[in-house]
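Novice: no letters, just coordinates:
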């Protein structure tokens, strides 16, 4: 997933598929987040790293930064998935990946440890269940709010369940079967009672 960043703000990429329906259809429950190791791996800093023994262990990683760009790489160095965003970023580095790369804007990546749902959240990617409670959420601000409901954290287009770029306040129903929710330009999200 690639996002275009402009000097005056952020806009959704023109290659995105926008869907007006924000309601979640019935689906099987989302698969649990991949298990993390009992010993936390060393933090991952900017640059290109091998995945596996001696490099970045497979798992789910989190960081928070401004204009963070990351890439999952294949054995021939090809980009398997990439994303650019601000705020919290989540990515699943898979056992089949040969490399992982990130820009200095990402800061330091750490192993994601699921917690309790947040009372509100801002821009970035957040795990449903572990950080965002399923249900109806409302964003009160934003000139152009872009959001995505995701079935996984690998960064592939096949994980995009629904998305929209809308002006001003908006509401989205986050399904319990969603793996993650991502947004930018929306301001803070609050649950709708």
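Specialist: Arrived safely, thanks for sending. On a predicted model such as this, the values are computed, not experimentally measured, just so you know.
Novice: give me the domain ranges for this structure.
Specialist: Per automatic domain parsing, the structural domains of the chain span 11-31+116-191, 47-111.
Novice: any chance of a markdown table for those, columns mean neighbour count and mean pLDDT?
Specialist: All C-beta atoms are positioned from the backbone trio N, CA, C, and that covers glycine. Listed next are the domains of the chain as a markdown table, based on neighbours: other Cβ atoms under 10 Å; pLDDT from 0 to 100:
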| stretch | mean neighbour count | mean pLDDT |
| --- | --- | --- |
| domain 11-31+116-191 | 17 | 82 |
| domain 47-111 | 18 | 93 |
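Novice: quick one, helices of this structure?
Specialist: In the chain, no helices are defined using DSSP state H.
Novice: what's near enough to touch the closest residue to residue 156 other than its chain neighbours?
Specialist: The shortest distance from residue 156 to any non-neighbouring residue, by Cβ to Cβ, 6 or more residues apart in numbering, is to residue 81 (5.0 Å). Taking Cβ atoms under 8 Å, 6 or more residues apart in numbering, we find residue 81 in contact with 1, 71, 72, 154, 155, 156.
Novice: which residue comes closest to residue 121 once chain neighbours are left out?
Specialist: residue 189 (5.5 Å).
Novice: quickly list what the residue nearest to residue 156 is bridged to.
Specialist: Taking DSSP bridges as the rule, residue 81 bridges to residue 72.
Novice: against residue 93, how distant is it?
Specialist: 10 Å (Cβ to Cβ, to the nearest Å).
Novice: and for residue 44?
Specialist: Residue 44 is 9 Å from residue 93, by Cβ to Cβ.
Novice: common neighbours of these two, please.
Specialist: Counting by Cβ under 8 Å, 6+ apart, the common neighbours of residue 44 and residue 93 are 56, 61, 100.
Novice: and those, which of them are in strands?
Specialist: Taking DSSP state E as the definition of strands, the shared contacts of residue 44 and residue 93 contribute 61, 100.
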